[in-house]
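[1] quick one, what's the 3D model for this:
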Amino acid sequence: MYYDEKRRDFWPAVQERLLNVCGDALDYFLQLGSDSHRDAWTSLLILFLTRLNKMDEDRFRVHAARYYTPLCDAMVFELKPELRFIMRKFFQRVAPAFGITPKIEPSE
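    Here you go, the predicted structure:
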């Protein structure tokens, strides 16, 4: 729905729901008490961050502003390398998206 041109009128409502649901999910992840419970979230977070990184610039900025702090907080946990890699890509995109650094073409 978020990209369906026929439903453009609903995009603001969908965006608001996505921000709330995904933000609440990240907040919940941060409150998990054990590494094994956080490990169970790895695939979900990789999917979430992959989709986030594929958003156009305007949408990315809106979502990144909401998720930046919880994702920074998640850095203190022992995370799997695949998750750290995709988080790194997110943080590398945040800086130019908000004018902190000049835009640099991503390297693989």
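
[2] got a list of what F77 touches?
    D35, R38 (Cβ atoms under 8 Å, 6 or more residues apart in numbering). For the C-beta atoms, the positions are set from N, CA and C on the backbone; glycine is no exception.

[3] any idea whether it is helix, strand or coil?
    coil (DSSP: H, G, I helix; E, B strand; the rest coil).

[4] and it, its phi and psi?
    As for F77, its main-chain torsions (degrees, to the nearest 10) stand at phi -90, psi 160.

[5] relative to S43, how far out is it?
    16 Å (Cβ to Cβ, to the nearest Å).

[6] what's the answer for Y67, then?
    Y67 is 17 Å from S43, where distance means Cβ to Cβ.

[7] of these two, who's got more company?
    Y67 (20 against 12; other Cβ atoms under 10 Å).

[8] got the contact list for that one?
    Neighbours of Y67 in contact, by Cβ under 8 Å, 6+ apart: C22, G23, L26, L52.

[9] burial count for the spatially closest residue to the second one that is not a sequence neighbour?
    On the basis of Cβ to Cβ, 6 or more residues apart in numbering, the spatially nearest residue to G23 that is not a chain neighbour turns out to be R66, at 5.2 Å. Neighbourhood size, R66 [other Cβ under 10 Å]: 15.

[10] could you list the low-pLDDT ranges of this protein?
    Scanning the chain for pLDDT under 70 picks out the ranges 1-4, 104-108.

[11] need the residue closest to the centroid of it.
    L49 (4.3 Å; Cα atoms, centre = their mean).

[12] wait, what's in contact with that one?
    L83, I86, M87, K89, F90.

[13] can I get the buried part of the residues you listed as one ChimeraX selection?
    To isolate the buried ones among the contacts of L49 in ChimeraX, judged by 16 or more other Cβ atoms under 10 Å, type:
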select :83,86,87,90
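
[14] closest to D56 out of the contacts of L49?
    Taking Cβ to Cβ as the measure, F90 is the one of these closest to D56, at 15.0 Å.

[15] re earlier: which of the contacts of Y67 are buried?
    Buried, going by 16+ other Cβ under 10 Å: C22, L26, L52, out of the contacts of Y67.

[16] that's all I had, so thanks and see you.
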